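Participant: please work out how this folds:
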Amino acid sequence: MKGTLAVRHFGTLGLLALLTLSIQGKARADDDDRSIKTVFVIAMENHNWTQPANQFSGPIQQIFQNPNAPFINSLVNGTAVALINGRQVKISQQVAYAANYRSVLATAGGNNPHVHPSEPNYLWAEAGFNFNIFNDADPFVPQGGPTVNAVNNLDNQLHLVRLLTKAGKTWRSYQEDTDVDKLTNAVLPRNQWTVPLSSFSGNFVSGVNQFNGSTQFNYAAKHNPQVFFSDSNGGNDPTPANPLAQNYAPLQQLFVDLTSNSVADYNWISPNQFNDQHTALKAGFMGLTGDAANIRQGDNFLSIIIPQIMASRAYQNRGAIIIWWDESERDATDDNPDDLTHTIGEIVISPLAHPNVNGVPFASQIFLTHSSDLRTMQQIFHVTKPLFLGDAVHANDLSSLFARGAIPHDDDEDRED
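Facilitator: All right, here's what the predicted structure looks like:
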């Protein structure tokens, strides 16, 4: 009799456990039906969103409300429109942005470690830490900085795309000026693509850049975070035989993949150093020179590429574009860029973005950093195990920029509801 009761009791517990798992599974499925599915990160360079001085003129200008960035500001002020699939679309209805996005480790007093120049910030976005790298060296080519003669390739380290690969998710790094004929800017055949391990610059002989019309090209490995990890760069092999070569593609391939609906789950997009606002073209741009030209070049690039992404099935089926800037800058007063008087831009565009408020995009006041982006990517793709990477464990995610449910949370993850 006792045995019968025990069996019945175990059976009841088993049914309860199965029911619980079923409910959890349904909750995850329901969660996924309304959460972000595909991510496009567009990496921009070296500008504050807001800064204390020298707002819109001189050698170091901010982006927010700057007339040299008309498209970017139209996104956040509610006036952005574009022709998408043959009809005028009010892009700003799908926009939210961060008003309190800071340098990693920033504090009110600014008496904190300074994570500069570019490369450490890209590493942070991929892994939640800069691995004590404070220079812009290519992964296998030693050069300058505090870690003189250090090779920056990172072996056997946890980072985002490693977790994505393990979870069966796909990723691709689109890098402008790579895998093209340096004479004509024509894309090379896929069997000639490589992992772009080394930086290069120069001029096309007969080709021009499709965004800015210049003959100049300038690829920077420091702006390509996946290329610094041995399990996502395939080792020191710059030939097409590198097993990771097809995870990297010329930027032109993005438009092919958007049309064929074959983009990856996670897509990292790096413009060249002219189109990302880093460097002014020699001849200037649209009558501008210096930092005004830098800003306008990047603004022009975004005005072209964003509508093309938005026209794709991948975007319209729970996609998200994240416009990301790498680091804060000293302004005209040569001040501390890592205190809390400087902010960095972070704009999201998505059908699942936080709804507009009073007809304009929502501006989140939540404290955010690159660690927030990383935490959010781990949540979107359900790769929060075995842990949040690096400083992502301490960060707020990007939930405030999206509609409720767009950023999923694992069942045992702490959250604020």
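Participant: what sits up against the helix or strand encompassing I347?
Facilitator: If you go by DSSP states H and E, I347 is part of strand 346-349. Contacts with strand 346-349, where a contact means CB atoms under 8 Å, 6 or more residues apart in numbering, come from 49, 72, 75-76, 91, 94-98, 101, 306, 310, 320-325, 368, 373, 398, 401-402. Placement of C-beta: from N, CA and C, glycine included.
Participant: restricted to helices, list the residues you listed.
Facilitator: Here DSSP state H is the test, and those give 72, 75-76, 306, 310, 373 as lying in helices.
Participant: out of those, which one sits closest to N152?
Facilitator: Closest approach to N152 among the ones in helices among the contacts of strand 346-349 (CB to CB): D373, at 21.1 Å.
Participant: from L105, how far out is the nearest residue to F140 once chain neighbours are set aside?
Facilitator: Spatial nearest neighbour of F140, chain neighbours left out: N236 (4.7 Å); criterion: CB to CB, 6 or more residues apart in numbering. For N236, the distance to L105 equals 31 Å [CB to CB, to the nearest Å].
Participant: again, but for Q62
Facilitator: Q62 sits 21 Å away from L105, going by CB to CB.
Participant: ok, those two, which is more surrounded?
Facilitator: Q62 (23 against 15; other CB atoms under 10 Å).
Participant: burial check on the residue nearest to A353 when sequence neighbours are not counted, number of neighbours?
Facilitator: The shortest distance from A353 to any non-neighbouring residue, by CB to CB, 6+ apart, is to A96 (4.6 Å). For A96, the count of nearby residues is 27 (other CB under 10 Å).
Participant: top of the ones in helices among the contacts of strand 346-349 by neighbour count?
Facilitator: For those, counting by other CB under 10 Å, the largest number of neighbours falls to I72: 27 neighbours.
Participant: if we ignore the residues flanking it in sequence, what's nearest that one?
Facilitator: Closest to I72 by CB to CB, 6+ apart is D299, at 5.3 Å.
Participant: ok, S399 touching I407?
Facilitator: Yes. In this structure, S399 is within contact of I407 by CB atoms under 8 Å, at 4.5 Å.
Participant: quick check: neighbours shared by those two?
Facilitator: With CB under 8 Å, 6+ apart, S399 and I407 have common neighbours T376.
Participant: spell out, range by range, the strands that occur in this structure.
Facilitator: For the chain, the strands defined by DSSP state E cover 38-44, 81-84, 87-90, 95-98, 171-175, 200-203, 216-219, 248-250, 266-270, 319-325, 346-349, 362-364.
Participant: just say which of these is most tucked in.
Facilitator: Comparing these by mean neighbour count (mean count of other CB atoms under 10 Å), strand 346-349 ranks first with a mean of 26.
Participant: any weak-confidence spans in the stretch 101-250 of the chain?
Facilitator: For the stretch 101-250 of the chain, the stretches flagged by pLDDT under 70 are 142-150.
Participant: now the helices for it?
Facilitator: 118-127, 160-166, 230-233 (DSSP state H, counting those that start in this stretch).
Participant: before we move on, the earlier item: ok, the ones in helices among the contacts of strand 346-349 vs N261, which is closest?
Facilitator: Using CB to CB, M310 is the member of these that lies nearest N261, at 14.0 Å.
Participant: and the residue nearest to the closest one when sequence neighbours are not counted, how far is that from N185?
Facilitator: Nearest non-adjacent residue to M310, counting by CB to CB, 6+ apart: I84, 5.4 Å away. Here the criterion is CB to CB. By it, I84 lies 26 Å from N185.
Participant: what's the answer for L244, then?
Facilitator: 24 Å.
Participant: try I349
Facilitator: From I349 to N185 the distance is 28 Å (CB to CB).
Participant: ditto for Q308
Facilitator: Counting by CB to CB, the gap from Q308 to N185 is 18 Å.
Participant: ok, now M310?
Facilitator: Using CB to CB, we find M310 at a distance of 25 Å from N185.
Participant: now L368
Facilitator: As judged by CB to CB, L368 and N185 stand 37 Å apart.
Participant: follow-up on the earlier one: make a markdown table from the strands of the chain and add distance to A392 to it.
Facilitator: A markdown table is the format used below for these (distance: least, CB to CB, whole Å):
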| stretch | distance to A392 |
| --- | --- |
| strand 38-44 | 15 |
| strand 81-84 | 33 |
| strand 87-90 | 33 |
| strand 95-98 | 16 |
| strand 171-175 | 17 |
| strand 200-203 | 32 |
| strand 216-219 | 28 |
| strand 248-250 | 24 |
| strand 266-270 | 15 |
| strand 319-325 | 15 |
| strand 346-349 | 15 |
| strand 362-364 | 18 |
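Participant: nearest to L281, of the ones you listed?
Facilitator: Ranking these by distance to L281, with CB to CB as the measure, places strand 216-219 first at 5.9 Å.
Participant: what lines up beside the closest one in the sheet?
Facilitator: Partners of strand 216-219 in the sheet, by DSSP bridges, are strand 200-203 (antiparallel).
Participant: hmm, back to that, ok, the residue nearest to A353 touching L352?
Facilitator: No. The pair A96 / L352 is not scored as a contact, 9.9 Å apart, by CB under 8 Å.
Participant: got the CA coordinates for stretch 56-70 in CSV?
Facilitator: In CSV, the C-alpha atoms belonging to stretch 56-70 read as follows (Å, rounded to 0.1, in the frame of the first residue of the first chain):
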residue,chain,number,x,y,z
PHE,A,56,28.4,72.7,-33.1
SER,A,57,31.6,74.3,-34.4
GLY,A,58,35.3,73.9,-34.2
PRO,A,59,37.4,70.7,-34.2
ILE,A,60,35.3,68.6,-31.8
GLN,A,61,31.6,68.8,-32.3
GLN,A,62,28.7,67.0,-30.7
ILE,A,63,26.1,65.1,-32.7
PHE,A,64,22.8,66.0,-31.0
GLN,A,65,21.1,69.0,-32.6
ASN,A,66,24.1,69.6,-34.8
PRO,A,67,23.1,70.9,-38.3
ASN,A,68,25.9,68.9,-39.8
ALA,A,69,24.0,65.7,-38.9
PRO,A,70,20.5,66.4,-40.3
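Participant: in it, which residues are buried?
Facilitator: Neighbour-count burial for stretch 56-70, counted by 16 or more other CB atoms under 10 Å, picks out 56, 60-64, 66, 68-69.
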